[in-house]
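>>> Here is my input, please return the structure:
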Amino acid sequence: MKINATDYLEQIANKKAAGPDPKEDRGFSKLLEEQKSPSATPAGDSGPQAVGGLENNALVGLIMATGGLDKSAKVGRQLESTLDKMEQYADALGNPAKSLKDIEPLAADLEQTAGRLSELSRSLPEGDPLKGMSNEAAVLATVEAMKFRRGDYV
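Below is the predicted model of the structure:
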């Protein structure tokens, strides 16, 4: 069977003309219908939209008052930094051209980064999934730095 570029384009055009598949965006359609309910802002109004019964300004104020997003964002950035340091440390350990003197500053930096992560994760509420991940990463980074200082990699 020979396939021409125009055959493929015709198939795409036919799919677009048929409209979107209702199975594809079932979740979005449902959300859109909920937002179109009578309690939502009229279509012509370009003001702030209601989110769960709160205006955007009230929602932003609530988030800022609790500091929830700020704490999570700080912990997320520190977690990412710690994981990056762990990756650099692992690469250095696996590199035969690196001496222990070259790796020592990485281990010290890893230990400091893990300490900062541990401090920041204490500020998160219990049950926060980010708290568990950050605690695990801090413990792993601290243990690796201790192994290096103890001489496990000599």
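>>> C-alpha from now on. contacts and neighbour counts both.
Will do.
>>> For Ala92, see how far away Lys101 is.
Using CA to CA, to the nearest Å, Lys101 is found at 11 Å from Ala92.
>>> Show me which of these two is the more surrounded one.
Applying other CA atoms under 10 Å to Lys101 and Ala92 shows that Ala92 carries more neighbours, namely 18 against 8.
>>> Wait, Leu110 touches Leu140, no?
No. The criterion here is CA atoms under 8 Å, and Leu110 misses it with Leu140 at 10.1 Å.
>>> More neighbours: these two, which one.
Using other CA under 10 Å as the criterion, Leu110 and Leu140 rank with Leu110 on top: 25 against 16.
>>> Just confirm that one is within a helix.
Yes. If the criterion is DSSP: H, G, I helix; E, B strand; the rest coil, then Leu110 is within a helix.
>>> Skip the chain neighbours and tell me the closest residue to it.
Lys85 (5.9 Å; CA to CA, 6 or more residues apart in numbering).
>>> how about the one you found, what does it touch?
106, 109-110, 113 (CA atoms under 8 Å, 6 or more residues apart in numbering).
>>> Let's see if you can find the most crowded of those residues.
Leu110 (25 neighbours).
>>> Roughly how far does it sit from Phe148?
Taking CA to CA, one finds Leu110 at 11 Å from Phe148.
>>> Also Glu104?
8 Å.
>>> cool, and Leu100?
For Leu100 relative to Phe148 (CA to CA), the value is 9 Å.
>>> just Asp102 next, same as before
Taken as CA to CA, the span from Asp102 to Phe148 is 12 Å.
>>> before we move on, what about Ala114?
15 Å.
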